[in-house]
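Student: My questions concern the predicted model and sequence given below.
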Amino acid sequence: AQSVAQPEDQVNVAEGNPLTVKCTYSVSGNPYLFWYVQYPNRGLQFLLKYITGDNLVKGSYGFEAEFNKSQTSFHLKKPSALVSDSALYFCAVRAFKYNFNKFYFGSGTKLNVKP
Amino acid sequence: DSGVTQTPKHLITATGQRVTLRCSPRSGDLSVYWYQQSLDQGLQFLIQYYNGEERAKGNILERFSAQQFPDLHSELNLSSLELGDSALYFCASSDGTSGVTDTQYFGPGTRLTVL
């Protein structure tokens, strides 16, 4: 079955420190991986995606993510966290094989950045 | 602002009733997706339309139906409502040209409360 997992419900980090939000996936075929952020009472905003090519993908607001095929992971990172980064982060996967029109979301990770 | 609009923002209704949620995609986008976000189920893909035709189905109940009109706006109809249908319903759109690698842009959502 195709799926994506975010093992941490919550991540706490101090402002100015690096942050990592973890994501692992399980799909048949080549994975296409996405990160979205959701602020309170708002819709999801696209951050970045991995399709092919360079394993390090740079996205909006200084975020980046590294695709690791051997570990089937796509962790979201930022070198220096801001209080305004506090939000709910979703990893998502699509795959070309079988149900490629479906979009599988992780359960979300709440990021808390403390001043 | 993603460019995707959804109405209404909030909807309160009673069990057994029927409601219609409306979505207008970003200008030029041909694909529309519907999602349900609830505390216990997370973010679930319901259904996708592309240029007026159903493209993919996810975890959509038989009591729910959707359509996309010639002007590309979409409506999600929920009938025989149950308490468990209370959730945030998101619409997303994409230009539909890249298939599985399309970036989806989400609307602000409609919060449905069934009493």
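Tutor: Received it, and whenever you're ready, just let me know what you need.
Student: Give me the helices and strands touching the least confident helix or strand in chain A by mean pLDDT, please.
Tutor: In chain A, the helix or strand scored least confidently by mean pLDDT, DSSP states H and E is strand A:104-105, which has a mean of 86. When contacts are defined as 3 or more Cβ pairs under 8 Å, 6 or more residues apart in numbering or on different chains; DSSP states H and E, strand A:104-105 sits against strand A:3-5, strand A:87-95, strand B:42-50. Using the backbone N, CA and C atoms, a C-beta is placed for each residue, glycine as well.
Student: Recalculate using a threshold of 6 Å.
Tutor: strand A:87-95 (3 or more Cβ pairs under 6 Å, 6 or more residues apart in numbering or on different chains; DSSP states H and E).
Student: does chain B sit close to the strand it packs on?
Tutor: Yes. Counting by Cβ under 6 Å from any Cβ of the partner chain, chain B is contacted by strand A:87-95 at residue A:94.
Student: next one: that strand to chain centre, how far?
Tutor: Centroid displacement of strand A:87-95 relative to its chain, using Cα atoms, centre = their mean, to the nearest Å, is 5 Å.
Student: Can you pull the poorly scored residue ranges out of chain A?
Tutor: Within chain A, the segments meeting pLDDT under 70 span A:1-2, A:96-102.
Student: Do you have the strands of it handy? List them.
Tutor: Per DSSP state E, chain A carries strands over the ranges A:3-5, A:10-14, A:19-21, A:24-26, A:31-38, A:44-50, A:56-58, A:64-68, A:73-78, A:87-95, A:104-105, A:109-114.
Student: so the last one versus strand A:87-95, what angle?
Tutor: By that I understand strand A:109-114. Angle, strand A:109-114 to strand A:87-95, by axes from the mean of the first three to the mean of the last three Cα atoms, to 10 degrees: 150 degrees.
Student: Using CSV, list the CA coordinates for strand A:109-114.
Tutor: What follows is strand A:109-114, C-alpha atoms only, in CSV (Å, rounded to 0.1, in the frame of the first residue of the first chain):
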residue,chain,number,x,y,z
THR,A,109,3.8,17.5,12.3
LYS,A,110,3.2,20.5,14.5
LEU,A,111,6.3,22.7,14.6
ASN,A,112,6.7,25.0,17.6
VAL,A,113,9.5,27.5,17.4
LYS,A,114,10.1,29.3,20.7
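Student: contacting residues around that strand?
Tutor: A:6, A:8, A:10-15, A:21, A:81, A:83, A:85-86, A:88-89 (Cβ atoms under 6 Å, 6 or more residues apart in numbering or on different chains).
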